[in-house]
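In: Quick one: sequence and predicted model below, then my questions.
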Amino acid sequence: MQDGVKKLIINVDAVENTKDKNLKSFLEYMKTGVSTSEFTRRLNNMVETIKDKVTARTEYNFVPGYIMDAKYEERERANKKIAKIEAKAEKEIKEAKAEIEKLKAELEKLKNN
């Protein structure tokens, strides 16, 4: 980001497909908040320590804002994709209608002959 903040997206739902037990433990901790390894216990202790510090707590409370930003950005990307799909569908419908009209005209011509 321009302000130096780095955003990290973690797919915690990948925990079921993860074979590495350390990574699996970390993803389970991120998903449930439950520590299942020495690493996640230490991580949890650090998180609790940070939450207790006043200055760190202020930064910690900004996380929901970052999440909202990420959701907004993703929604904008999705809306752009939807708009492209709709435009393509409209074009294809227009072409199909033109083809139908062309076939109707040919059929009418055949009827008149």
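Out: Great, that's in hand.
In: Surely residue 18 touches residue 28?
Out: No. At 9.1 Å, residue 18 does not count as touching residue 28 under the criterion of C-beta atoms under 8 Å. C-beta: built from backbone N, CA, C; applies to glycine.
In: Compare these two (neighbour count), which wins?
Out: Set residue 18 next to residue 28 and count neighbours by other C-beta atoms under 10 Å: residue 28 wins out with 18 against 15.
In: so where is the protein shaky, pLDDT-wise?
Out: Across the chain, the ranges flagged by pLDDT under 70 are 1, 54-61.
In: State which helix of it is the longest.
Out: helix 63-112 (DSSP state H).
In: Show me what that one is packed up against.
Out: On a contact count with 3 or more C-beta pairs under 8 Å, 6 or more residues apart in numbering; DSSP states H and E, helix 63-112 meets no helix or strand.
In: how distant is it from the center of its chain?
Out: Centre-to-centre, helix 63-112 and its host chain are 22 Å apart (C-alpha atoms, centre = their mean, to the nearest Å).
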